[in-house]
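# This is the structure alone, sequence omitted:
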């Protein structure tokens, strides 16, 4: 069982470029999340999705967009990357929104120059 | 707004010692509280999930307790081993219909051989 797969694992990106971080889960979980983790700030929620076809904004949504066309995939797009978006991004999923165990991917380390 | 605090930020102990990691939260109306482990450069792994109606959960050498009235949870690790070295994070699931899990910033544990 793969769980959650994120790609790429690491990427260096020029400012102003568009970037999509991919996330796929094989657990048929309804809820999926994108977090960013920064030193001293901890984990912060960017966007979430309760179920396929719906998305919502988290704590730090500006500069990011998501889509949820099906249950398994939840891509995160940076339309025009800026250096402040340099971070480690984690995708997560759970069977029940905020009431179930949370499973994380291994993360995508993004550096914006 | 829920706030989750973990003190200390770092802890170093000799192998074999029993230890307690602390987690406090400001709003006692929570659905559940989860403890995670994060190894360097890796994603978060769920260790224990305590529902709001429960007082504790156990898994192997780990025991997590929850006291909603005092806004505290503890993670007890028995007979610590060098392999337990990692960062431990707790997260509170808000019961107010919020879509986010609020994370503490973690306690970095080092178990010395």
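Ah, there it is. Remember, predicted model here, so these are calculated numbers, not experimental data.

# and the least confident helix or strand in chain B by mean pLDDT, how far out from the chain's middle?
Sorting the helices and strands of chain B by mean pLDDT, DSSP states H and E puts strand B:101-103 at the bottom, at a mean of 89. Relative to the chain's own centre, strand B:101-103 is displaced by 11 Å; criterion: C-alpha atoms, centre = their mean, to the nearest Å.

# Show me what that strand is packed up against.
Using 3 or more C-beta pairs under 8 Å, 6 or more residues apart in numbering or on different chains; DSSP states H and E as the contact definition, the elements that strand B:101-103 packs against are strand A:42-49, strand B:86-94. Backbone N, C-alpha and C define where each C-beta goes, glycine included.

# Next secondary structure after the first one?
Stepping forward along the backbone from strand A:42-49, the first helix or strand reached (DSSP states H and E) is strand A:56-57.

# just the strands in chain B please.
B:4-5, B:10-14, B:19-25, B:30-38, B:44-51, B:56-59, B:62-67, B:72-77, B:86-94, B:101-103, B:107-112 (DSSP state E).

# ok, of those strands, where does mean pLDDT dip lowest?
Per-stretch mean pLDDT for those is lowest at strand B:101-103 (a mean of 89).

# returning to that earlier point: put together CSV for the helices and strands packed on strand B:101-103, with mean neighbour count on each row.
Shown next, in CSV, are the helices and strands packed on strand B:101-103 (neighbours: other C-beta atoms under 10 Å in any protein chain shown):
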stretch, mean neighbour count
strand A:42-49, 22
strand B:86-94, 24
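
# CSV please, covering these and showing distance to residue A:70.
Below are the helices and strands packed on strand B:101-103 laid out as CSV (distance: least, C-beta to C-beta, whole Å):
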stretch, distance to residue A:70
strand A:42-49, 11
strand B:86-94, 25
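
# Residues of chain A that sit close to chain B?
Proximity of chain A to chain B (C-beta under 8 Å from any C-beta of the partner chain) is limited to residues A:4, A:33, A:40-43, A:45, A:48, A:50, A:56, A:58-59, A:90, A:92, A:97-107.

# 7 Å instead, please
By C-beta under 7 Å from any C-beta of the partner chain, the residues of chain A that approach chain B are A:42-43, A:45, A:48, A:56, A:58-59, A:90, A:98-99, A:101-107.

# Apply the buried test to those residues and list what passes.
If you count burial by 16 or more other C-beta atoms under 10 Å in any protein chain shown, the buried members of the residues of chain A next to chain B come out as A:42-43, A:45, A:48, A:58, A:90, A:98, A:102-107.

# Identify the bridge partners of residue A:25.
residue A:4 (DSSP bridges).

# Test my guess that it contacts residue A:70.
No. In this structure, residue A:25 is not within contact of residue A:70 by C-beta atoms under 7 Å, at 10.7 Å.

# quick one: which of these two has more around it?
residue A:25 (21 against 10; other C-beta atoms under 10 Å in any protein chain shown).

# ok so, going back, quick check: the farthest pair among the buried ones among the residues of chain A next to chain B?
With distances taken as C-beta to C-beta, the most widely separated pair in these is A:98 and A:106, at 22.8 Å.

# contacts for the worst-scoring helix or strand of chain A on mean pLDDT?
In chain A, no helix or strand scores lower on mean pLDDT, DSSP H and E than strand A:102-104, which sits at a mean of 90. Outside strand A:102-104, the residues that touch it by C-beta atoms under 7 Å, 6 or more residues apart in numbering or on different chains are A:3, A:4, A:27, A:90, A:92, A:93, A:94, B:34, B:43, B:44, B:46, B:101.

# quick one: which of these is nearest residue A:16?
Nearest member of the contacts of strand A:102-104 to residue A:16, counting by C-beta to C-beta, is residue A:90, at 24.4 Å.
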